[in-house]
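Student: My questions concern the predicted model and sequence given below.
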Amino acid sequence: MPSFQKGKAIGDAHELRVTQELNRRGWHVSPWGQGVMGEPVRVALHHTTSSLRWTPDLIAAQGRQVVLIDCKSRMTSRTSRRHVVERDAVTAHLQLVAWTQLPLYYVFDNLDLLTPHDALGLGQEGPRTTAGSGTPYLLAPAARASAFDRVFGTPDGLMAA
């Protein structure tokens, strides 16, 4: 199994958890992006520089509010307490936000949230790596992330302070 497919299985579990957490808060969630594409298309996109390869994982709605969600599984350093987002993803997501006029959130394993603007403004460029796409990463302090409940509400329907 190619390494990006192994990562997809891990990502699928995180996407399911994020979907469940949003559902508990009254959000309706649909898969989006590469998750709804067939395997040959995903593989081909993985080898391009197209912004489509960075399409967020989920789209969610509550009432008339719509948001895009990109689930970031295993993208937080335990030692430095920084969240990691690929610079190319941030660039593509800033363009997507401008085009769709919809908010986009990165959701990490602990349910911390960053927006592409947060990642760009708070992040410091990290070292290049052979993992993922091999593009530079932005490292943003986890302490500066937003709380999931504050943005999406609590399971009891209240907004967190």
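Tutor: Perfect, I can see it now.
Student: Could you list the low-confidence segments of this protein?
Tutor: Where the chain drops to pLDDT under 70, the residues are 1-11, 127-134, 157-161.
Student: Which strand runs longest in it?
Tutor: Criterion DSSP state E: the longest strand present in the chain is strand 65-72.
Student: Could you write out the alpha-carbon coordinates of it in PDB?
Tutor: Output in PDB follows, covering the C-alpha atoms of strand 65-72 (Å, rounded to 0.1, in the frame of the first residue of the first chain):
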ATOM      1  CA  GLN A  65     -23.900  28.900   7.700                       C
ATOM      2  CA  VAL A  66     -21.500  26.900   5.500                       C
ATOM      3  CA  VAL A  67     -17.900  26.000   6.400                       C
ATOM      4  CA  LEU A  68     -15.100  24.000   4.800                       C
ATOM      5  CA  ILE A  69     -13.000  21.600   6.900                       C
ATOM      6  CA  ASP A  70      -9.600  20.200   6.300                       C
ATOM      7  CA  CYS A  71      -8.800  17.500   8.900                       C
ATOM      8  CA  LYS A  72      -5.200  17.400  10.000                       C
END
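Student: Which neighbours in the sheet does it have, and how are they oriented?
Tutor: Looking at strand 65-72 with DSSP bridges, its partner strands are strand 58-62 (antiparallel), strand 104-108 (parallel).
Student: What are the buried residues along the first one?
Tutor: Under the neighbour-count criterion of 16 or more other CB atoms under 10 Å, strand 58-62 has 58, 59, 60 buried. Heads up, the C-betas are built off the backbone N, CA and C, glycines and all.
Student: got CSV for the strands paired with strand 65-72, with distance to residue 77 too?
Tutor: Formatted as CSV, the strands paired with strand 65-72 follow (distance: least, CB to CB, whole Å):
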stretch, distance to residue 77
strand 58-62, 24
strand 104-108, 11
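Student: Tell me which of the ones you listed lies nearest to residue 18.
Tutor: strand 104-108 (5.1 Å; CB to CB).
Student: Identify the bridge partners of the most centrally placed residue in the chain.
Tutor: Among the residues of the chain, residue 70 comes closest to the average C-alpha position under CA atoms, centre = their mean, at 2.2 Å. Under DSSP bridges, the beta-bridge partners of residue 70 are residue 106.
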